[in-house]
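[1] this one's sequence-less:
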């Protein structure tokens, strides 16, 4: 059964530990659209030992952002694939206004535009603790991180990711707020409840 809309180009934003990736996966499954995560794309580059992966790994180790140039190149290739023809769900990208402007340019080249931006927000301490707890329970690190789960190094990486978010989020959110695209949701509640509110925020997709 085809979803009842013609397109949905969605950006899902949130600080580290907000649960945005979980909600992106749920939306992707429900709407039959690709879930596009820069974290997953970069991890694939690292695992395939590409030049991009080698460059990205050094930055990821420190919890910092990969360069706009690298991400823009990967994003253009990904959004130009056939499975994005009816839309996509971007998970955690863009993270800065500069990236948002680049994304607009990429989409304009493809004859597209962003139609929805949803922010899932959580308090700093809760988000950090979620990441550390999840890594400790699974015995693995969150894929974006390379430090050892539960170690001091891992906590340092988590703090750095939060610092990067805190420094860039205000101007990024204002960028989308001023365009009337931003919907803001409190993420410090049960997953299913957040998921329902996210679906309501997305609303009737464009072209429905």
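    Yep, it's here. Being a predicted model, the structure only gives us computed values, none of them experimental.
[2] need the helices for this structure, in chain order.
    For the chain, applying DSSP state H gives helices covering 20-31, 38-47, 51-61, 68-79, 97-109, 124-138, 152-177, 191-202.
[3] by contact count, what packs against the second one?
    Put plainly, it is helix 38-47. The criterion is 3 or more C-beta pairs under 8 Å, 6 or more residues apart in numbering; DSSP states H and E, and the helices and strands that helix 38-47 contacts are helix 51-61, helix 68-79. (Each C-beta comes from the backbone N, C-alpha and C, glycine too.)
[4] show me where pLDDT drops low in the protein?
    1-6, 60-65, 132, 134-154, 204-208 (pLDDT under 70).
[5] who touches the spatially most central residue of the chain in this structure?
    For the chain, the residue nearest the mean C-alpha position is residue 92 (1.6 Å; C-alpha atoms, centre = their mean). By C-beta atoms under 8 Å, 6 or more residues apart in numbering, the contact set of residue 92 is 12, 13, 14, 20, 21, 37, 38, 39.
[6] at 10 Å what do you get?
    Contacts here follow C-beta atoms under 10 Å, 6 or more residues apart in numbering; on that basis residue 92 touches 11-16, 18, 20-21, 24, 36-39, 144, 165.
[7] most surrounded residue in those residues?
    Scoring the contacts of residue 92 on neighbours with other C-beta atoms under 10 Å, the highest-scoring entry is residue 12 at 28 neighbours.
[8] Show me what that one is bridged to.
    Per DSSP bridges, the residues bridged to residue 12 are residue 91, residue 118.
[9] That one touches residue 120, doesn't it?
    Yes - counting by C-beta atoms under 10 Å, residue 12 touches residue 120, with 7.0 Å between them.
[10] Which residues are in contact with each of those two?
    With C-beta under 10 Å, 6+ apart, residue 12 and residue 120 have common neighbours 18, 20, 21, 23, 24, 185, 198, 201.
[11] Just give the closest residue to the fourth one, not the sequence neighbours.
    Spelled out, it's residue 23. residue 198 (5.1 Å; C-beta to C-beta, 6 or more residues apart in numbering).
[12] related to what we said a few turns ago, for residue 87, which of the helices of the chain is the nearest?
    Nearest of those to residue 87, taken as C-beta to C-beta: helix 20-31 at 7.4 Å.
[13] buried ones in the closest one?
    Buried residues in helix 20-31, counted by 16 or more other C-beta atoms under 10 Å: 20, 21, 23, 24, 26, 27, 28, 31.
[14] Stretch 39-53 too?
    Buried, per 16+ other C-beta under 10 Å, within stretch 39-53: 39, 41, 42, 43, 45, 46, 52, 53.
[15] Thanks again, I'm all set now.
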